[in-house]
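In: model this:
(one chain, ligands or ions: 3)
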Amino acid sequence: MKKQRLVIVGAGSTYTLGMIMSLVKEKENFPLKSLIFYDIDAERQERVAKATEVILKEKYPELEEFKYTTDKEEAFKDVDFAFIQIRTGGLKMREKDEKISLKNGVVGQETCGPGGMAYGMRSIPDMIELIKDIRKHSPNAWILNYTNPAAIVAEALRRVFPNDKKILNICDMPAAIMVSYAKILGKEIWDLVPEYFGLNHFGWFTKIYDKEGNDLTDELKDHILNKGFLPEDAEIANDQSWIKTFKQVEVMLRDFPEYLPNTYMQYYLYPQKMVEKEDPNYTRANQVMDGREKRVKELCKTLIENQTTEGAHLEPDIHGRYMIRVAASLAYNNGDIFIVIVENNGIISNLPDDAMVEVPAMITNHGPKPFAVGKIPTFYKGLIEGQLAYEKLVVDAFFENDYDKALKALTLNRTVVNAPVARKILDELIEANKEYWPELN
Ligand SMILES: NC(=O)c1ccc[n+]([C@@H]2O[C@H](COP(=O)([O-])OP(=O)(O)OC[C@H]3O[C@@H](n4cnc5c(N)ncnc54)[C@H](O)[C@@H]3O)[C@@H](O)[C@H]2O)c1
Ligand SMILES: O=P(O)(O)OC[C@H]1O[C@H](O[C@H]2[C@H](O)[C@@H](O)[C@@H](O)O[C@@H]2CO)[C@H](O)[C@@H](O)[C@@H]1O
Ligand SMILES: [Mn+2]
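Out: Ligands and ions are numbered 1, 2, ... in the order given. Below you'll find the model as predicted:
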């Protein structure tokens, strides 16, 4: 089995230690020769890297090379895989996106509604530059991107790199939901085979099977309707915000029992309720800064001081394991099935070919081979078409420096709807994002 050279881009991320533990857990499926960290924030990256050294010394002694750098050539030279997890503008800008939206009575969320648009326009330039730089030094590497908002980033990359078939955008939300399904069904996530369609953070499971082909969908729906639904991945199982979000799945299923919704549908189906439950002065970004970000910082400090992982709370998570198993299937032609983001090209036959859709695909060393979904029913088609038009208009607005298109995008979004509100939020976001967005005329 060929050992892989992997670079993690945005290695100062709060997700990196979970990724390292997942690389340890998955080392037989995806063995590494070399691990490289790259970030633009040297100090943030160094803290995570020094903690990583402690983990690797104990749990991955066979790794031949580990290094961290802010130099792109050193980071991207001759790698087999690049995992990209950057956050342009950091959590501070996420906080602004969420607060501007909520103060105008609209969903304030990282990837949904105005927050998604603002974050998308920040992510696109950095993502384009990074892909160009990685390609300069590693023309054949697989690039797995999970930088958000994945839907908007995927659409922008599709336009700029139409012939690059080795960029794959992925989200962990369907997998995190499947961890909860697996718990209910008394199975492991890897035993389940999903049927699913949608856009990123905007989709539905239509069927859940086991590997023997038994249809478990009704059993799952019955359980959710009668006994509720909770997050089970250790990373989010005790997080009150995620607990509330998973509980909302029961409400969605009661209202629309046909398919099992992605948790993110709550923002589009119940926007008013989502606004009411939030505190516009202390949003999810504040919770993350005071929670996950502080926790990771403390954990790094402890690991570095103690120079051992003993007593440290360190676990692999579904976020890391899912990305790594996709990478393994790409590297070793495993043909495993994962839900990924790909260009439609007839997969969902009544949606446009150039939509970036999220669907199950068999992952081979030639890339994802998505399964046909066929025609989707009117309700879902209508919802998706509105969201897709919003996503396309955001990317148009970015590349064409077009204020009108940005305004149309926000007005189309189900979390906004009212044109004067869309205009007010857009103007406030333009002001807040002066440093990051292109000028819109
Ligand atoms: N697709 C998914 O399902 C999924 C799941 C989890 C996280 N994410 C995404 O992963 C990213 C990281 O999230 P986080 O909360 O850990 O953020 P974070 O701010 O803790 O980490 C992001 C890191 O990226 C670095 N960075 C920013 N711009 C960069 C650039 N141009 N080049 C290199 N590094 C750069 C920052 O310095 C920081 O260390 C976000 O985009 C988040 O939305 C996506
Ligand atoms: O509000 P946050 O920053 O806590 O989360 C936003 C991200 O939420 C999803 O990722 C989950 C993931 O599904 C779960 O497995 C675990 O790893 O936690 C993550 C969040 O903490 C979503 O898919 C991402 O796109 C969001 O960035
Ligand atoms: Mn996601």
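
In: how close does Ile208 get to ligand 2?
Out: Distance of Ile208 to ligand 2, given as Cβ to the nearest ligand atom, to the nearest Å: 17 Å. Using the backbone N, CA and C atoms, a C-beta is placed for each residue, glycine as well.

In: same deal with Leu260?
Out: For Leu260 relative to ligand 2 (Cβ to the nearest ligand atom), the value is 15 Å.

In: which residues does the closest residue to ligand 3 within the chain contact?
Out: Using Cβ to the ion, the single residue of the chain nearest to ligand 3 is Cys171, 3.3 Å away. Under the criterion of Cβ atoms under 8 Å, 6 or more residues apart in numbering, the neighbours of Cys171 are 146, 150, 200-201, 339, 341, 358.

In: also Ser138?
Out: 76-80, 82.

In: list buried residues within the residues you listed.
Out: 76, 79-80, 82 (16 or more other Cβ atoms under 10 Å).

In: burial count for the residue of the stretch 201-350 of the chain found nearest ligand 2?
Out: Evaluated by Cβ to the nearest ligand atom, the stretch 201-350 of the chain has His319 as its residue closest to ligand 2, separated by 3.5 Å. Around His319 there are 23 other residues, counting by other Cβ atoms under 10 Å.

In: now do Glu53
Out: 15.

In: can you check Asp222 too?
Out: Around Asp222 there are 11 residues (other Cβ under 10 Å).

In: quick one: residues contacting Leu6.
Out: 23, 32, 34-36, 79-83, 327.

In: how near is it to Leu185?
Out: In this view, Leu6 and Leu185 are 32 Å apart by Cβ to Cβ, to the nearest Å.

In: the longest helix along the chain and ligand 1 in contact?
Out: Ordering each helix of the chain by length in residues (DSSP state H) puts helix 113-137 first. Yes: shown here: helix 113-137 in contact with ligand 1 (Cβ under 6 Å from any ligand atom) through Asp126.

In: rounded mean pLDDT for the helix or strand just after that helix, please.
Out: The helix or strand immediately downstream of helix 113-137 is strand 142-145, counting by DSSP states H and E. Averaged across strand 142-145, pLDDT comes to 98.

In: relative to helix 113-137, how tilted is the helix or strand just after strand 142-145?
Out: Once the chain leaves strand 142-145, the next helix or strand it forms, by DSSP H and E, is helix 150-160. Angle, helix 150-160 to helix 113-137, by axes from the mean of the first three to the mean of the last three Cα atoms, to 10 degrees: 40 degrees.

In: tell me what helix 150-160 is packed against?
Out: helix 113-137, strand 142-145, strand 167-169, strand 336-343, strand 356-364, helix 378-400 (3 or more Cβ pairs under 8 Å, 6 or more residues apart in numbering; DSSP states H and E).

In: helix or strand for the residue nearest to the spatial centre of the chain, which one?
Out: In the chain, the centroid-proximal residue (Cα atoms, centre = their mean) is Cys171; its distance is 3.6 Å. Assigned by DSSP H and E, Cys171 belongs to no helix or strand.

In: and Pro352, by the same measure?
Out: Assigned by DSSP H and E, Pro352 falls outside every helix and strand.

In: isn't it up against Glu391?
Out: No: the pair Pro352 / Glu391 is not scored as a contact, 11.6 Å apart, by Cβ atoms under 8 Å.

In: compare the two (neighbour count), which wins?
Out: Shown here are Pro352 and Glu391; by other Cβ under 10 Å, Glu391 has more neighbours (27 against 14).

In: contact partners for that one?
Out: 151-152, 155, 199, 356, 409.

In: for Ile208, same thing?
Out: 178, 181, 185, 192-195, 215-217, 220, 260.

In: that one pairs with what?
Out: Pro194 (DSSP bridges).

In: per-residue confidence for it?
Out: 98.

In: so how far is Asn214 from it?
Out: Shown here: Ile208 relative to Asn214, a distance of 10 Å by Cβ to Cβ.

In: Lys33 contacts Gln4, doesn't it?
Out: Yes: the criterion here is Cβ under 8 Å, and Lys33 meets it with Gln4 at 6.3 Å.

In: between the two, which one's more packed in?
Out: Set Lys33 next to Gln4 and count neighbours by other Cβ under 10 Å: Gln4 wins out with 20 against 14.
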